[in-house]
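Engineer: Here's a sequence, model it:
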Amino acid sequence: MSEVLTDPNIVCDSSGTNSIGRNSQELNIPNNGIAHPFKQAFRALASGIAIITFDAGSDVHGFTATSLTSVSMDPPLALFCVANQSRSRLYLEPGRKVGFSFLGEDQAEQARFFASNRPFGECGQIKIDRVAGAPVVAGSMAVISAAVETLIPAGDHIICVCALHEANSAADKAPLLYHSGKYNGLARIA
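Structural biologist: So this is what the prediction gives:
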């Protein structure tokens, strides 16, 4: 089970919904006694923050996710999950170029923006770059350009498997993490 921090349609228009801090009735999560404990259990797992971005008409859309996972190095593949009922899901079809931006601990503002329902134009601080034609968040710890290859239905979500095209990493930048409903930096133990 992967957790998507927000309903992905929140991205660069004001019609989306933010699932952070909302209860299960607002999110249409079945009240079967199982969904809430699973959701709470997965909130205990610290995860890196990725922003998934793509072009939709003349706009760049994106959403904050913790469900981005490396799948294969030969061929290079990754996957992420998107709610079936999200507006972003309508744009994610095979062949669509997508950008993955791994946020550094200095980018909590960008994570909050893409996990909100504010229009993209309201936040002049967020700069978008391009890597092999895919939009990515400038200043990220690492970025990857990819293309949606396969869509796999999985309950109330769809799994998007993507072919990876190009990757760039920033040297020695600490990651932004999400744990128990809050953004955190990395505290080194040793």
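Engineer: what about Lys39, how many residues close to it?
Structural biologist: Other residues within reach of Lys39, judged by other Cβ atoms under 10 Å, total 14. In short, each C-beta sits where N, CA and C put it, glycine included.
Engineer: next one: the one 10 residues further on
Structural biologist: Neighbour count of Ile49, defined by other Cβ under 10 Å: 28.
Engineer: Kindly report the same for Asn184.
Structural biologist: If you count neighbours by other Cβ under 10 Å, Asn184 ends up with 15.
Engineer: likewise Ala111?
Structural biologist: 20.
Engineer: Next secondary structure after the helix or strand in which it is found?
Structural biologist: Using DSSP states H and E, Ala111 maps to helix 108-114. Downstream of helix 108-114, the first helix or strand assigned by DSSP H and E is strand 128-131.
Engineer: in that following strand, what counts as buried?
Structural biologist: Val131 (16 or more other Cβ atoms under 10 Å).
Engineer: Next: stretch 42-56.
Structural biologist: Buried residues in stretch 42-56 (16+ other Cβ under 10 Å): Arg43, Ser47, Gly48, Ile49, Ala50, Ile51, Ile52, Thr53, Phe54, Asp55, Ala56.
Engineer: Tell me which of these fall in strands.
Structural biologist: Ser47, Gly48, Ala50, Ile51, Ile52, Thr53, Phe54, Asp55, Ala56 (DSSP state E).
Engineer: Next up, the contacts around the fourth one.
Structural biologist: Listed by Cβ atoms under 8 Å, 6 or more residues apart in numbering, the contact partners of Ile51 are 62-65, 99-101, 103, 110-111, 114, 137, 140.
Engineer: now, among those, which is nearest to Asn168?
Structural biologist: Nearest to Asn168 among the contacts of Ile51: Ser140, at 8.9 Å, using Cβ to Cβ.
Engineer: Can you read off the pLDDT for the nearest residue to the closest one once chain neighbours are set aside?
Structural biologist: Nearest non-adjacent residue to Ser140, counting by Cβ to Cβ, 6 or more residues apart in numbering: Ser101, 4.0 Å away. Looking at Ser101, its pLDDT is 97.
Engineer: now Phe80
Structural biologist: For Phe80, the model assigns a pLDDT of 96.
Engineer: Tell me what it is bridged to.
Structural biologist: Per DSSP bridges, the residues bridged to Phe80 are Cys160.
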